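> below: sequence and its predicted model.
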Amino acid sequence: EFGGTSGYIIVTPLAGWSFIPMRSETAKVISEETLKGMQSDMDIAGPLIDYAAKGYKVELAGKENIDGKDAYKIKLTLNTGNEIIYFLDTKTYLLIQAKQARAGMDDNTGEREVVTNYADYYPVDGILFPGTISNPGNDPGSGTITFNKIELNKTIEESQFKPSV
């Protein structure tokens with residue numbers, strides 16, 4: 001939500017749409033190149049879970065300090081060749097930050113580094129989830145998401161996977 005209007009991005013295995021009311025009155029088809037970059041987000045468990053079975057490669061790339069916390073630096077290479085750098089807290093092993101290059105939404109902005117921070121973990125049905133996910137910066141993808149409620153295995157209507165505008 002922004003300025004009293006709501007937008008959305010829908011990504012499926014075959015297509016994707018974005019609706020940003022400030023830019024257009026209708027949903028726009030996401031380009032094939034941008035869609036490919038976003039489809040990795042469909043893996044709800046994340047690329048690190050069962051990475052070898054997915055054809056990905058992982059290497060420990062050392063340690064770094066991220067916002068005052070010691071973190072293991074994990075480099076994951078997808079089978080597309082794209083890389084994601086993960087930082088896991090050395091004490092809790094929880095993800096605290098991820099970095100990766102992403103194409104811009106309108107295909108005119110080129111690649112940019114996307115930094116995602118994870119914080120405020122809490123348990124849901126015995127699984128820890130970040131209560132806050134943030135992307136620092138000034139570009140359209142920056143901002144903070146705060147989860148008030150997380151539900152697992154909830155039925156989702158098929159209509160949610162198609163544009164409504």
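Perfect, I can see it now.
> low-confidence ranges, this structure, go.
1-3, 103-110, 140, 165 (pLDDT under 70).
> quick one, helices of the protein?
32-39 (DSSP state H).
> and the top strand by length along it, which strands flank it?
Identified as the longest strand of the chain according to DSSP state E is strand 111-124. With DSSP bridges as the test, strand 111-124 is paired with strand 95-103 (antiparallel), strand 127-135 (antiparallel).
> distance to residue 57 added to the ones you listed, as JSON lines?
Backbone N, C-alpha and C define where each C-beta goes, glycine included. Shown next, in JSON lines, are these (distance: least, CB to CB, whole Å):
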{"stretch": "strand 95-103", "distance to residue 57": "15"}
{"stretch": "strand 127-135", "distance to residue 57": "25"}
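> out of those, which is closest to residue 33?
Ranking the strands paired with strand 111-124 by their distance to residue 33 (criterion: CB to CB) puts strand 95-103 first, at 5.8 Å.
> grab the nearest non-local neighbour of the residue nearest the centre of the chain.
In the chain, the residue lying closest to the centroid (CA atoms, centre = their mean) is residue 41, at 5.5 Å. Take residue 41 and drop its neighbours on the chain: the residue closest to it by CB to CB, 6 or more residues apart in numbering is residue 11, 6.7 Å away.
> that neighbour: neighbouring residues, count only.
19 (other CB atoms under 10 Å).
> same check on residue 10?
Counted with other CB under 10 Å, residue 10 comes out at 17.
> strands of this protein, residue ranges please.
8-11, 16-19, 28-29, 57-66, 69-77, 83-89, 95-103, 111-124, 127-135, 143-146.
> partner strands of the second one, parallel or antiparallel?
Partner strands for strand 16-19, per DSSP bridges, with pairing direction: strand 8-11 (antiparallel), strand 28-29 (antiparallel).
> tabulate those strands (JSON lines), appending distance to residue 75.
Below are the strands paired with strand 16-19 laid out as JSON lines (distance: least, CB to CB, whole Å):
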{"stretch": "strand 8-11", "distance to residue 75": "24"}
{"stretch": "strand 28-29", "distance to residue 75": "33"}
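> out of those, which is closest to residue 126?
strand 8-11 (28.1 Å).
> buried deepest among the strands paired with strand 111-124, which one?
Ranked by mean neighbour count, the strands paired with strand 111-124 are led by strand 95-103 with a mean of 18 (mean count of other CB atoms under 10 Å).
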